[in-house]
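**Q** generate coordinates for the sequence data below:
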Amino acid sequence: ATHQSTWKQWYQRRVRVSRKMARVFVNNVDCYIGEQLAKVFSNTVVGSTLEEAVDDDEGSQRAQVKYEVVGTMSDMNNEKPACVVDVVGKESADDLLVALMQCDIIVYDISTSESQVEDCLVACNALHEQIANFKSPKTFICLSSVMTWCKTKPNEPDEPEQPFTEEDYRRRKPHPNFKSEINVEKQVIKLGKTDKTRFLTYVVAAGLPYGGKEDIFHYFFKVAWHGDEEALNIIGTGENIIPTIHVQDLSNIVTSVADAKPKTRYIVAVDDSMNSMTEIITCISKNLGTGNVMNITREEALLIPEINQRVFDILSVNLRMEGTWIKDGAKFEWVSESGILENIPTVVTEYKESRGLLPIRICVMGAPASGKSLIASQLCQHYKLHHLKIADVIGAAIEKLEKQAARAESEEGEEDDEAAQQAQETLDLLNESKQENNDRYEDQYIIQFFTEKLMSMPCQNQGFVLDGFPKTYDQAKELFGNKEEPEDEDTPRLEYNAKIMPEVVISLDAEDDFLKKRIMNLPESVVAGTHNTEDLFLKRLAEFRAVNTDDQTVLNYFDELEVHPEHIDITADTSSNMSQVLEKITKTVGKPRNYGPTEEERLELERIAMEKLMKKEALEKLELQRKEEEERKETQRRKEEWANRVKEVKEQEEEVLQAQSYPLRNYLMKHVMPTLNQGLIEVCKVRPEDAIDYLAEYLFEHNPQVD
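**A** Purely as a prediction, here's the structure:
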């Protein structure tokens with residue numbers, strides 16, 4: 001009893017201390033592991049991972065205290081995670097040290113980025129130098145990688161499959177490219193031995209992390225999700241054993257170390273799986289891609305842009321490891337204890353949701369000539385979806401069956417032979433059904449083909465656009481109806497299959513006269529040989545109206561399930577390629593939910609954008625030159641017009657003056673000029689000293705008498 005009382009007092013003191021340790025520093029909170037660490041810490045109650053619970057009021061108070069997370073970011077332009085209270089800049093070592101001194105738990109991840117190795121060592125050394133100034137004990141956790149064990153020799157050469165544990169950490173030998181990491185590990189452990197009451201240090205050697213948005217395995221998930229490659233690549237033979245750990249389990253382990261402060265200073269964080277690369281890549285391919293894999297050489301692997309030297313080295317690891325403390329000492333709820341293979345459905349779902357790679361499912365309905373195929377094609381191009389047309393789906397299904405049936409003649413196993421026979425039997429039934437139904441397949445076969453296509457990996461990954469199918473209420477009910485019972489009895493059974501049910505239904509509406517005019521305006525070369533000839537079009541239009549008149553229409557089916565169709569009047573679209581209709585639909589659907597353009601597509605988009613910009617600038621320049629030339633011509637015209645007007649005014653003034661001068665001139669010529677001329681001549685002859693006075697006297701003497 002005395003021992004139990006003493007232990008409880010010690011434990012309560014431990015809780016009081018842990019309750020105060022509520023501030024955690026995590027480096028690179030915007031990176032893969034750092035972001036998950038910050039999220040788990042911020043949602044963890046301080047001391048909640050300890051073995052026992054405290055029954056007193058103090059324990060209940062502790063239960064309300066959660067870790068407060070601060071940290072650095074690899075790129076300050078990235079958005080700060082919502083779970084992070086404050087971001088510390090890396091530029092000033094003094095400011096960083098001040099931030100570290102204010103924290104009780106410091107976690108440095110050196111497994112994700114090589115650039116953080118030196119930063120981790122600097123931070124640990126700086127804190128060690130400040131031990132005397134600590135206001136409270138601090139715990140430093142270095143999150144490293146199993147790559148520091150790569151060259152470790154087995155304990156028993158005769159038993160190479162015996163896993164390594166924490167007890168072997170002093171014997172560990174690193175990969176040649178991870179020597180700096182093991183040096184940091186050793187230094188961190190060493191610095192924690194100076195004063196264990198004030199400064200504890202730990203090293204957590206993590207297996208290759210998976211889960212969430214993925215990191216090391218992201219290349220394989222991305223290639224599988226796109227489905228463009230026929231097979232996923234396996235580097236080398238693929239027989240190497242890869243130690244793994246789910247990123248959330250890794251974060252829980254780090255949190256447990258921060259809470260429990262175990263005596264073990266070196267902790268191995270791996271799950272129970274010991275899977276080879278071939279097993280992991282094959283599992284990813286089957287659950288996300290085509291299901292096919294192929295081996296490539298190491299040289300070929302290094303030519304892949306996404307696989308740099310560091311990623312290549314990590315993927316080449318061949319280790320069997322087992323964590324003892326996480327089994328015996330850590331108290332947390334595992335997310336993926338058995339490994340990636342056993343939990344691949346959850347891992348795939350996490351990957352899609354974390355990356356926002358959710359399928360977009362669209363159904364485009366409308367009368368013949370309403371532009372369904374054009375809109376569907378444009379939507380597929382915009383959102384990178386799969387265009388599902390009736391003829392294409394049936395054709396692909398028949399081709400697949402023919403290929404399977406052809407294997408019956410090859411030397412394959414019994415399973416392939418049986419599958420080939422089943423395919424041939426299906427083909428025979430299809431041909432018989434087609435002959436009995438006026439060269440058409442029965443609905444049951446068409447719906448089967450569409451169901452298989454909709455459930456295929458490409459459609460489940462990226463999504464699809466159904467082009468004019470289903471056509472009737474019964475077809476829709478049969479295609480989308482839920483045929484599976486829920487695994488949990490408490491879960492209500494859905495009326496439809498949520499995996500293939502369209503989330504957006506578009507109805508392109510138009511009157512018959514508009515559709516007829518549209519067909520009539522098509523060139524003969526376009527209409528010839530298609531189902532848009534006048535007779536065939538009118539027949540198809542009549543059939544469409546016949547199945548869309550009562551309450552049992554395909555649109556009613558969606559309405560009943562509260563997937564309300566979006567009705568768009570195409571007659572209001574005046575553009576040549578229905579761009580206005582497309583714009584309305586994209587607003588309804590929202591943003592794309594994919595990786596966006598590839599590097600080649602991005603470069604092509606940039607080239608097109610640059611060409612458009614150059615063309616725009618050239619047109620603007622030409623337009624400016626044209627305007628300047630027009631202004632110059634207009635100015636010249638106005639100048640000439642002004643000059644002509646001035647000339648006309650002058651001429652008019654001269655004419656007026658001349659007209660006004662005629663009477664005066666006549667008067668002068670008759671009464672003044674004769675005498676004046678004679679007077680001037682006389683002045684010239686005599687040349688008097690005062691010519692003016694002489695002229696005046698002369699005019700006075702010779703002035704004719706005028707009555």
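
**Q** make it CA atoms for all contacts and neighbour counts henceforth
**A** Fine.

**Q** quick check: which element contains Asp86?
**A** Assigned by DSSP states H and E, Asp86 belongs to strand 84-87.

**Q** for that strand, packing partners?
**A** Helices and strands touching strand 84-87, by 3 or more CA pairs under 8 Å, 6 or more residues apart in numbering; DSSP states H and E, are helix 32-42, strand 68-71.

**Q** what packs against the longest one?
**A** When you say that, I think you mean helix 32-42. Under the contact definition 3+ CA pairs under 8 Å, 6+ apart, helix 32-42 sits against strand 23-26, strand 68-71, strand 84-87, helix 247-260.

**Q** what strands line up against the second one, and which way round?
**A** When pairing is defined by DSSP bridges, strand 68-71 lines up against strand 23-26 (parallel), strand 84-87 (parallel).

**Q** could you point out which element follows the strand holding Asp86?
**A** Where DSSP H and E defines the elements, the next helix or strand beyond strand 84-87 is helix 93-101.

**Q** residues making contact with whichever helix or strand comes after that next one?
**A** Taking DSSP H and E as the definition, the helix or strand that follows helix 93-101 towards the C-terminus is strand 105-109. Taking contacts as CA atoms under 8 Å, 6 or more residues apart in numbering, the residues outside strand 105-109 that touch it are 21, 23-27, 33-34, 100, 116, 120, 138-144, 258.

**Q** okay, the angle between the very next helix or strand once past strand 105-109 and strand 105-109?
**A** Using DSSP H and E, the helix or strand that directly follows strand 105-109 along the chain is helix 116-129. Here helix 116-129 points in a direction 160 degrees away from that of strand 105-109 (axes from the mean of the first three to the mean of the last three CA atoms, to 10 degrees).

**Q** now helix 116-129 against helix 93-101, angle please.
**A** Here helix 116-129 runs at 70 degrees with respect to helix 93-101, directions being taken by the same axes, to 10 degrees.

**Q** which residues does helix 116-129 contact?
**A** The list of residues contacting helix 116-129 from outside it, by CA under 8 Å, 6+ apart, reads 97, 100-101, 108-110, 140, 142, 180-181, 184, 187-188, 191, 199.

**Q** before we move on, what about stretch 180-194?
**A** Stretch 180-194 is contacted by residues 110, 117-118, 120-121, 124-125, 128, 142, 144, 148, 174, 199-203, 265-266 when judged by CA under 8 Å, 6+ apart.

**Q** do stretch 441-460 as well
**A** Residues from elsewhere that reach stretch 441-460, judged by CA under 8 Å, 6+ apart: 225-227, 288-290, 359, 385-386, 393-394, 397, 430, 433-434, 464, 475, 478-479, 499-500.

**Q** Val504 versus His567, what's the distance?
**A** According to CA to CA, to the nearest Å, His567 and Val504 sit 11 Å apart.

**Q** whoops, I mixed them up, Leu341
**A** Relative to Val504, Leu341 is positioned 34 Å away (criterion: CA to CA).

**Q** buried only: go through the contacts of stretch 180-194 for me.
**A** With burial judged by 16 or more other CA atoms under 10 Å, the buried subset of the contacts of stretch 180-194 is 110, 117, 120-121, 124, 128, 142, 144, 148, 174, 199-203, 265-266.

**Q** in JSON lines: the helices and strands packed on strand 84-87, plus mean neighbour count, distance to Ile234 and mean pLDDT.
**A** Conversion of these to JSON lines gives the following (neighbours: other CA atoms under 10 Å; distance: least, CA to CA, whole Å; pLDDT from 0 to 100):
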{"stretch": "helix 32-42", "mean neighbour count": "23", "distance to Ile234": "23", "mean pLDDT": "94"}
{"stretch": "strand 68-71", "mean neighbour count": "25", "distance to Ile234": "37", "mean pLDDT": "94"}
